[in-house]
Structures are given as structure tokens and as C-alpha cells.
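Enquirer: sequence? don't have it. structure:
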């Protein structure tokens, strides 16, 4: 069974810092990995999708990397801003399935002005 | 651009009452999903529909039923609500399977069962 772990559960940083969020998964036979953002009281918004053949994906100040062999992904946020404050979740397909996603519990990020 | 629309946004039920959560997407997606999100438990899949006319159980299907009414709409029904079903429910959709492409979420439906 695929298990997804995100550490730390919460992170607080001053504005302007570069930061890294971590995601680990137990079954490396994945089709892709997705990073989502969730604002309080809102749904999830997809940030980045990394296909299994890719090593990284970039969007603006966000960069996500994927190391399938070690079962790890990182989300790098450059020059953090208060507007980046949200919960960030990673998700991968469960073992042997391309139809669903298994989610981590998320990292709650607070960027202090 | 509506994307995924869920109704209602908030609902309070008494134990034993029934209700249906509605979901519609306007992106011509084949696959649709219902998740619940609980503190400390993360997002858990209740049911999904890989294509029109098909539905499959997810991780926590007990106490729920679903209907894929057409390609756009996927409803979730609670036949006899229980306090353990107090949660935030999210509908999502993807062009093909969620494990192969981007997943789009609705804003959520907050359900309280007394």
C-alpha cells in the first residue's frame, strides 16, 4: 500500500527566505507526483505535476524535484512571500493504479511579514 | 471559468437524515472523484468514476452511494447520516485517471451531522 509522508507538519519562516518542503512515498513505481496548495476553507489547487520520466518541474518561484529511486520529492519555494502561506500537499498514485491519488497530510506554511 | 462546482457549501444534518451532495464539471473530463478531508486523517477517497457509466469504491466507501449522472455530474449520497460523517467533502475531476494527469478540485462542502 502506498504511503505518503510530509515533514514537517508545520513551518514558519520570515518573508524572503528560500524554503524546501519534503514529501516521501513508499512505492516508487509511480506514474507521476503532484504538488497542491490549499488555502483555509478552500479546495486544492494543483501547483506542479512531475511525470515519472522527469526529474523536476518549475513554475515561477516554485521548483519541484522527483527522485523515484529514493521515494522522495521536494518543493522549493524561492523568495517566500506572505501570500505563499497555505498548506502544501503532495500526492502520488497508490501501488498499481493510475486512477487514484494517495495524499500526504500536508505541510502548513506560514510566511511572516 | 467554473471548473468544478459543488453544492451545497454548508449543510447541517441530524443523525439518520439523508442528503445528496452535487458536483458538476465543465472541463469535459472523463474521471471524477469524491474525497473527504478530516483533521489528522488527510484526504481520503470515497468513490470515483473513471468514465461515464462506471463507479468504483475508494478507501472509505461505507455509508455512501454515488451516481455518475452523465459526463458532467457526479453525486454523493448519504442515506442515513452518522456523526462520523461530519467532514469536508471535495469533488474533483481529471481528464483521464488522477494518477496520469492534473486533478482539479471544487471548493468543498462542509457537512456537520449532529
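Expert: Looks like it arrived, so ask away. Being a predicted model, the structure only gives us computed values, none of them experimental. Numbering: from 1, shown residues only, chains lettered A, B, ... in the order given.
Enquirer: which residues of chain B fall in strands?
Expert: Using DSSP state E, the strands assigned to chain B run over residues B:4-7, B:10-13, B:19-25, B:31-38, B:42-49, B:56-57, B:64-68, B:74-78, B:87-94, B:104-105, B:109-113.
Enquirer: Quick one: those as a markdown table, columns for mean neighbour count, distance to chain A and mean pLDDT too.
Expert: All C-beta spots, glycine's among them, are computed from the backbone N, C-alpha and C. Output for the strands of chain B, formatted as a markdown table (neighbours: other C-beta atoms under 10 Å in any protein chain shown; distance: least, C-beta to the nearest C-beta, whole Å; pLDDT from 0 to 100):
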| stretch | mean neighbour count | distance to chain A | mean pLDDT |
| --- | --- | --- | --- |
| strand B:4-7 | 18 | 8 | 96 |
| strand B:10-13 | 14 | 11 | 96 |
| strand B:19-25 | 19 | 11 | 97 |
| strand B:31-38 | 25 | 7 | 95 |
| strand B:42-49 | 22 | 4 | 93 |
| strand B:56-57 | 13 | 8 | 94 |
| strand B:64-68 | 18 | 14 | 96 |
| strand B:74-78 | 20 | 14 | 97 |
| strand B:87-94 | 24 | 6 | 96 |
| strand B:104-105 | 22 | 4 | 94 |
| strand B:109-113 | 18 | 8 | 97 |
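Enquirer: Residue A:8 is nearest to which of those strands?
Expert: The closest of these to residue A:8 is strand B:42-49. By C-beta to C-beta, the value is 15.2 Å.
Enquirer: Can you name every helix or strand that the closest one contacts?
Expert: strand A:86-92, strand B:31-38, strand B:56-57, strand B:64-68, strand B:74-78 (3 or more C-beta pairs under 8 Å, 6 or more residues apart in numbering or on different chains; DSSP states H and E).
Enquirer: As a markdown table, the ones you listed with distance to residue B:49 would be great.
Expert: Output for the helices and strands packed on strand B:42-49, formatted as a markdown table (distance: least, C-beta to C-beta, whole Å):
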| stretch | distance to residue B:49 |
| --- | --- |
| strand A:86-92 | 18 |
| strand B:31-38 | 5 |
| strand B:56-57 | 7 |
| strand B:64-68 | 4 |
| strand B:74-78 | 6 |
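Enquirer: between the strands of chain B, which one is nearest to residue A:44?
Expert: strand B:104-105 (4.4 Å).
Enquirer: Before we move on, what's the pLDDT of the residue of chain A found nearest chain B?
Expert: At 3.1 Å from chain B, residue A:93 is the closest residue in chain A, using C-beta to the nearest C-beta. Residue-level confidence at residue A:93 comes out at 84, pLDDT.
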